[in-house]
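S.K.: quick one, fold the following:
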Amino acid sequence: MTRKFQALSILTFFLIMFSANVSNAQHVFNSDTAFKAGSPGSGRIWGYAFGDFYYKSHADALSRGGSNQYSGIPQSRNEFAFRRIYLGYDYNITKKFSAELLLAAEDDFPAFNPPSSSAASGDLLSNNKLAFYIKLANIRWKNIWKGTDFVFGQVSTPSFPLLSEKIWNYRSIERTIADIRRTPSYDFGGALQGVFDPATKDFGYNLMIGNGTSAKAASTSYKWLYGDVYAYLFEKKVVIDVYGDYFRTNWGTSPGVDRARQMWKGYIAYNSSATAKGGMNPGVGYTVGAEFFVNNLKNDVFATKIAGGVDTLNNSATGASFYVHGDIVKSKLRFFVRYDLYNPMKKVIDNNTYNKYVANTGNYNDNSYTMTYNSNGTPTAATATGDMTYKQTFFTLGLDYMPVKNVHLMPNVWINHYASQLSGVTGTTAGDNDTVFRLTFYYVFGK
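M.R.: All right, here's what the predicted structure looks like:
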């Protein structure tokens, strides 16, 4: 079954559900209030979309950045493009059980974006058209014990979508720093989502075990373990979250090649509009946040020695993100600013011993590429340089204009800078950037 036929079948199901429910008022388009109250038989169709008109004013000379949205895109390119389209359906089976289904079309990567790909990738079909896939499909057993729900199926993981992404509030501008490195935001498995104090919900936790392959079928028996604990303080104006995960990628096949990844992540944010009863509202007032991670990658780097031979090294990739956003004119105009730092090889760089490093874990081994273009400025070939050491610095700022609720127009600038850690590197090979000016649009319906 093709992805296009699969998506069409699910959309047809939505339409049948709608038609069947028109004659039964308790089922069709209940309000959010009724749905959240768990009214049996109530459901809602919802969705959102965001995209941009962008102009790339400067392109990195070595097309670095891995799978970021603009790697491999030549300088002076402009385009109208969607970056995400969501179509979801939520349904209350009973007061104790609910179901969630979400279709997503995102990751619009043309040929050579990422540069290593000579064909369209992401969620593009072979004819370059964007297609839906099944992102979430799960059933929730509410209050399996007091204050805790059990969720089974394709579920949002504890990594960032349940908390830090919501408070960052501008996924339409950029992913969180853990999401940029493609820590899974969703996975197939089972999860416990709960609070320690059901009356106030100031302290909570999320635990999950999953395949570690998101929407793809598992290819091994290894499982990804996720968990976080969080606390709301000072009448819920401050939130602190600690997250950890563990995943074996190869184990026991032969001596010295056991590989695993293990992340620790900390997050703290302050929201001025939060109240003890209503919680945080990051779309009102102002919000300041910071997020930090270290991902310990066992036997991850093959380092070539200057004297000859190759060593296998443990690696630690680190990242930090800082942001602020807030009101200029309440409910009409806001601002946002964010600054990220990322180092793919925190402790292994030793230019007196090694002259080349090859990383082994996906999304932490971005290469750099020399590009070939045709007379129309379209990329035609990419040749890897082998430099995976480069640090990245990300910066964005912009305005958020809301003509009405749930409609956003956001002029912004997006800049990612790259700096090699290899010795003897000069010019644009040592440091360069991708700079993009955008008018981002974002709208929500059904919520």
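
S.K.: quick one: the strands in the stretch 251-400 of the chain?
M.R.: Secondary structure of the stretch 251-400 of the chain (DSSP state E, counting those that start in this stretch): strands at 259-271, 286-305, 310-329, 333-343, 354-359, 369-373, 379-384, 391-404.

S.K.: nearest to residue 149, of those?
M.R.: strand 259-271 (21.7 Å; CB to CB). From N, CA and C alone the C-beta is placed, and that goes for glycine too.

S.K.: so where is the chain shaky, pLDDT-wise?
M.R.: 1-31, 253-256 (pLDDT under 70).

S.K.: and the gap between the most far-flung residue of it relative to its centre and residue 299?
M.R.: Going by CA atoms, centre = their mean, the residue of the chain most distant from its centre is residue 307, 40.8 Å out. Separation of residue 307 from residue 299 (CB to CB, to the nearest Å): 21 Å.

S.K.: residue contacts, the residue nearest to the spatial centre of the chain?
M.R.: Residue closest to the average C-alpha location in the chain (CA atoms, centre = their mean): residue 179, at 3.2 Å. For residue 179, the contact set (CB atoms under 8 Å, 6 or more residues apart in numbering) comprises 159, 160, 165, 185.

S.K.: export these to a markdown table and tack on distance to residue 312, secondary structure and neighbour count?
M.R.: Compiled in a markdown table, these are given as follows (distance: CB to CB, whole Å; DSSP: H, G, I helix; E, B strand; the rest coil; neighbours: other CB atoms under 10 Å):
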| residue | distance to residue 312 | secondary structure | neighbour count |
| --- | --- | --- | --- |
| 159 | 27 | coil | 29 |
| 160 | 30 | coil | 28 |
| 165 | 35 | helix | 19 |
| 185 | 30 | coil | 20 |
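
S.K.: can you name the two of those that are farthest apart?
M.R.: Greatest spacing in the contacts of residue 179, by CB to CB: 159 and 165 (9.0 Å).

S.K.: okay, and the common contacts of these two?
M.R.: Counting by CB under 8 Å, 6+ apart, the shared contacts of residue 159 and residue 165 are 179, 185.

S.K.: list the beta-bridge partners for the residue lying closest to residue 293 once chain neighbours are set aside.
M.R.: Among residues not flanking residue 293 along the chain, residue 265 sits closest, at 4.1 Å (CB to CB, 6 or more residues apart in numbering). Counting by DSSP bridges, residue 265 is bridged to residue 243, residue 293.

S.K.: then the one 4 residues further on?
M.R.: With DSSP bridges as the criterion, residue 269 is bridged to residue 239, residue 289.

S.K.: and stretch 297-314, C-alpha only, in CSV?
M.R.: In CSV, the C-alpha atoms belonging to stretch 297-314 read as follows (Å, rounded to 0.1, in the frame of the first residue of the first chain):
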residue,chain,number,x,y,z
LEU,A,297,27.6,8.2,22.7
LYS,A,298,29.5,4.9,23.4
ASN,A,299,32.1,3.8,20.9
ASP,A,300,30.8,6.4,18.5
VAL,A,301,33.9,8.1,16.9
PHE,A,302,36.6,6.5,14.6
ALA,A,303,39.6,8.8,15.0
THR,A,304,42.4,8.6,12.5
LYS,A,305,45.8,8.9,14.2
ILE,A,306,48.5,11.2,12.6
ALA,A,307,51.0,8.4,13.3
GLY,A,308,48.8,5.8,11.6
GLY,A,309,45.9,3.6,12.7
VAL,A,310,42.4,4.3,13.9
ASP,A,311,41.1,4.5,17.5
THR,A,312,37.4,4.0,18.5
LEU,A,313,36.4,6.7,21.0
ASN,A,314,33.5,7.4,23.3
